[in-house]
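In: sequence-free structure coming up:
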């Protein structure tokens with residue numbers, strides 16, 4: 001490279017004549033690839049360092065966080081809910097968690113479904129519920145059927 005202070009043939013300094021060449025796509029991809037490899041390598045080292053610095057300990061719990069064993073009363077309630085859902089024609093599917101029920105109900109057109117949520121009181125059988133359609137009768141029929149079956153089970 002010529003000395004920038006020495007004039008060239010035109011009498012101009014060499015530094016003012018030189019222009020920067022743009023990098024080719026191959027060179028840019030090479031630089032990006034090397035950078036990505038470096039990031040992965042550094043990330044791996046940081047993870048290994050963190051694992052060394054922090055001791056891990058396996059702890060066994062009596063009950064899984066995602067799964068718990070239902071009580072006999074909850075199992076009986078789930079059976080009652082399934083039987084009541086079969087007797088109400090528009091109920092497509094029910095799922096229970098404790099004394100809470102989520103029901104998929106077929107729309108009047110028959111082309112879609114919507115969801116209703118029910119919370120039954122374990123001791124009294126009273127129900128609080130919510131659903132998107134005020135005039136819908138299927139949720140009320142379902143509640144009445146569940147309550148009837150709960151009272152029959154309590155009398156037996």
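Out: That came in fine, so what should we check first? Note that this is a predicted model, so its numbers are computed, not measured. Numbers count the residues shown, from 1 in each chain.

In: Contacts for stretch 124-143, please.
Out: With contact meaning CB atoms under 8 Å, 6 or more residues apart in numbering, stretch 124-143 is reached by 84-85, 88-91, 103, 105, 114-121, 146-147, 150-151. From N, CA and C alone the C-beta is placed, and that goes for glycine too.

In: List only those of the residues you listed flagged as buried.
Out: 84-85, 88, 90-91, 103, 105, 116, 118, 120, 146-147, 150 (16 or more other CB atoms under 10 Å).

In: Which of those fall within helices?
Out: Among the buried ones among the contacts of stretch 124-143, the residues falling in helices (DSSP state H) are 84-85, 146-147, 150.

In: Can you add pLDDT and distance to residue 137 and give the buried ones among the contacts of stretch 124-143 back as CSV?
Out: Listed next are the buried ones among the contacts of stretch 124-143 as CSV, based on pLDDT from 0 to 100; distance: CB to CB, whole Å:
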residue, pLDDT, distance to residue 137
84, 96, 15
85, 96, 15
88, 92, 9
90, 93, 9
91, 95, 12
103, 97, 13
105, 96, 10
116, 96, 11
118, 97, 15
120, 95, 19
146, 96, 15
147, 95, 15
150, 93, 20
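
In: Could you dump those into CSV and include distance to residue 70?
Out: Listed next are those as CSV, based on distance: CB to CB, whole Å:
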residue, distance to residue 70
84, 18
85, 17
88, 23
90, 26
91, 21
103, 18
105, 24
116, 21
118, 17
120, 14
146, 17
147, 20
150, 16
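
In: Which of the helices or strands spans the nearest residue to residue 98 once chain neighbours are set aside?
Out: Nearest residue to residue 98, sequence neighbours excluded (CB to CB, 6 or more residues apart in numbering): residue 74, at 5.6 Å. Secondary-structure assignment from DSSP states H and E places residue 74 in helix 72-87.

In: Which positions within that helix qualify as buried?
Out: 74, 77-78, 80-81, 84-85.

In: Identify, from those, the entry nearest to residue 67.
Out: residue 74 (13.3 Å; CB to CB).

In: Could you check how far the closest one is from residue 34?
Out: Applying CB to CB, to the nearest Å, the value for residue 74 to residue 34 is 59 Å.

In: what do you get for residue 137?
Out: 68 Å.

In: And residue 22, by the same measure?
Out: Taking CB to CB, one finds residue 22 at 19 Å from residue 34.

In: Likewise for residue 139?
Out: According to CB to CB, residue 139 stands 63 Å off from residue 34.
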